[in-house]
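> 3D, please:
(one chain, ligands or ions: 1)
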Amino acid sequence: MIPGPVEFDNDVLSAVGKQTSSHVSQEFIDIFGESLEMMKKVWMCPDGQPFIMAGTGTLAMDMAGANLVEKNDRVLVISTGYFGERYADLFDRYGADYRILRAEPGRTVTPESIENELRTRKYKMLSFTHVDTSTAVKVEPQPIGELGRKYNVITILDGVCSVAGEEIRQQEWGIDVVITASQKAIGVPPGLALLVASERAMEKFRNRKSRVQNYYADWTNWLPIMQAYENRKPAYFGTPAVNLVAALNISLQQILKEGLGRRFERHKRTGMAFRSALKALGLKQVPADDCVANTLSAPYYPTGVQASEFLKEVNNAGVVLAGGLHPVFKDKYFRIGHMGKITVEDTINTVTSIETALKKCNYRFDDHAGITAAEEVLTTP
Ligand code: PMP
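Numbers count the residues shown, from 1 in each chain. Below is the predicted model:
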């Protein structure tokens, strides 16, 4: 129950363990082509350009930076934690003239202050993190997409901790680039960088004046490959992660079979159950009430409970949770990932293990308070 890698479905895992086919076999061409088509559905971006690359979520972030930023381009970074800061560092490598709008830990940057900045200074691009995995703060993408249209700014959403868990309607909301990695709500072992770019973003890329400064991430090399696979033709630039792409194909099928609406609703319900349980146990959360994520919770340890002891006890109780990640206060809170194929039983077992560990750490609370609260949310029709 960490925020990625999550637990994976057995059919997805079987695809990883199968004999690897040739990357130019008809069988694999179909798998790759279908996966690209399904990505457009899951991202809700029917006219977008999908990319599937071997690499981690950071490569997906890098792809957007490398292909869309040119030296001295103005970029606005909305930072709600560790991964916002990473994007600033990344843009810096490509010579961007960047500014950071930084939220207090646990808070978001308001659309009003973003608009203020866009009104006073002309930007080419802005980036924001949908759910920052270090703070469990969720930023609403729709108003930012609208601002991007209004001020003609390319918007980049880091959706590593949200795509296929939190609602994203990329095309309708006007978000230009939505990136993620395979190991979270997408439900595939780590190793794939995934991204869908809007027509507007691709046009910005085509109109570049300078050469892309990153060889591996350069869309000049990869765009023809994605187009070929989608047209069911063989192509080669770098050998694709054949087994992971086959696993992705299965997971995307499962996601679409569940239905995006139902899937978002399930994540919402799970998020609510955890929030309710933590509140009943008297644990405060890092994110403020108006920006909580459904894919991840980040509760503070109660007074007297130490990170190392709690995490060891929760592990002994059978559940793996993550410690804090934000460099400023990482020893003060822990993280529960709840995305992907999380069931009601997973939620109940996790809350039970948290209660057991808290007891072992001599923290007092009403017996079963957390479980009762979680069950109430999960069983309400
Ligand atoms: N952005 C966010 C919001 C993330 O949670 C992560 C990974 N935890 C990344 C980017 C980077 O992804 P990866 O670790 O796969 O490089």
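> which parts of the chain sit against the ligand?
When proximity is defined as CB under 6 Å from any ligand atom, the chain approaches the ligand at 4, 56-58, 61, 83, 129, 132-133, 158, 160-161, 181. Using the backbone N, CA and C atoms, a C-beta is placed for each residue, glycine as well.
> Make TSV out of those residues and add pLDDT.
Shown next, in TSV, are the residues of the chain next to the ligand (pLDDT from 0 to 100):
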residue	pLDDT
G4	96
T56	98
G57	98
T58	98
M61	98
F83	96
T129	98
D132	97
T133	97
D158	98
V160	98
C161	98
A181	98
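> quick one: which of those residues is most hemmed in?
D132 (34 neighbours; other CB atoms under 10 Å).
> how close does that one sit to Q19?
39 Å (CB to CB, to the nearest Å).
> one step back: so which of the residues of the chain next to the ligand comes closest to V319?
Of all the residues of the chain next to the ligand, G4 has the smallest distance to V319: 15.5 Å, by CB to CB.
> Verify the stated contact: the closest one with C161.
Yes: between G4 and C161 there is a contact at 7.2 Å, judged by CB atoms under 8 Å.
> what is in contact with the two at once?
133, 184, 339 (CB atoms under 8 Å, 6 or more residues apart in numbering).
> Assign a three-state SS to A217, would you?
coil (DSSP: H, G, I helix; E, B strand; the rest coil).
> do you know how far it is from the ligand?
A217 sits 13 Å away from the ligand, taking CB to the nearest ligand atom, to the nearest Å as the criterion.
> thought that residue was touching A66?
Yes: A217 lies in contact with A66 (CB under 8 Å); the separation is 4.2 Å.
> what residues are up against the residue of the stretch 51-200 of the chain found nearest the ligand?
Relative to the ligand, the nearest point of the stretch 51-200 of the chain is G57 (2.5 Å; CB to the nearest ligand atom). G57 is in contact with 158, 160, 179-181, 183, 193, counting by CB under 8 Å, 6+ apart.
> those helices in this structure, which residues are they?
10-17, 26-42, 57-68, 82-93, 111-120, 141-150, 170-173, 199-206, 219-230, 242-258, 260-280, 307-316, 344-360, 369-379 (DSSP state H).
> Give me the contact list for the fourth one.
Counting by CB under 8 Å, 6+ apart, the neighbours of helix 82-93 from elsewhere in the structure are 58, 61-62, 65, 69, 75, 77-79, 98, 100, 102, 127-129, 132-135, 156, 158, 160, 325-327.
> Now, those residues that are in strands?
Among these, the subset assigned to strands under DSSP state E consists of 75, 77-79, 98, 100, 102, 127-129, 132, 156, 158.
> Can you report how many residues lie near whichever residue of the stretch 201-350 of the chain sits closest to the ligand?
Nearest residue of the stretch 201-350 of the chain to the ligand: L325, at 8.1 Å (CB to the nearest ligand atom). L325 has 20 neighbours, counted by other CB under 10 Å.
> Spatially nearest residue to E167, not counting backbone neighbours?
Distances taken as CB to CB, 6 or more residues apart in numbering put F264 closest to E167, at 4.6 Å, once the chain neighbours are dropped.
> How about the contacts made by that neighbour?
165-167, 294.
> what residues go with each domain of this protein?
Using automatic domain parsing, the domains assigned to the chain come out as 10-258, 260-379.
> Point out the most buried one among those.
Comparing those by mean neighbour count (mean count of other CB atoms under 10 Å), domain 10-258 ranks first with a mean of 20.
> quick one: terminal-to-terminal distance for that one?
Using CA to CA, to the nearest Å, the end-to-end distance of domain 10-258 comes out at 16 Å.
> Ok, stretch 177-194 next?
With CA to CA applied, stretch 177-194 spans 10 Å between its terminal residues.
> List just the nearest of the shared contacts of G4 and C161 to G318.
M339 (19.5 Å).
> what sits against the closest one?
3-4, 6, 161, 164-165, 184-185, 267, 295-296.
> can you do 7 Å?
6, 165, 184-185, 267, 295 (CB atoms under 7 Å, 6 or more residues apart in numbering).
> Isn't R263 up against L256?
No: taking contacts as CB atoms under 7 Å, R263 lies outside contact range of L256: 9.2 Å.
> Quick one: low-confidence residue ranges for this protein.
Low-confidence segments of the chain (pLDDT under 70): none present.
> any idea how far A273 is from T372?
A273 sits 11 Å away from T372, going by CB to CB.
> ah, wrong one, I meant E172
Taking CB to CB as the measure, E172 falls 39 Å from T372.
> just N231 next, same as before
From N231 over to T372 the distance is 55 Å, taken as CB to CB.
> cool, Y98 as well?
According to CB to CB, Y98 stands 48 Å off from T372.
> now swap in N243 and tell me
N243 is 43 Å from T372, by CB to CB.
> T120 too?
Distance of T120 to T372, given as CB to CB: 51 Å.
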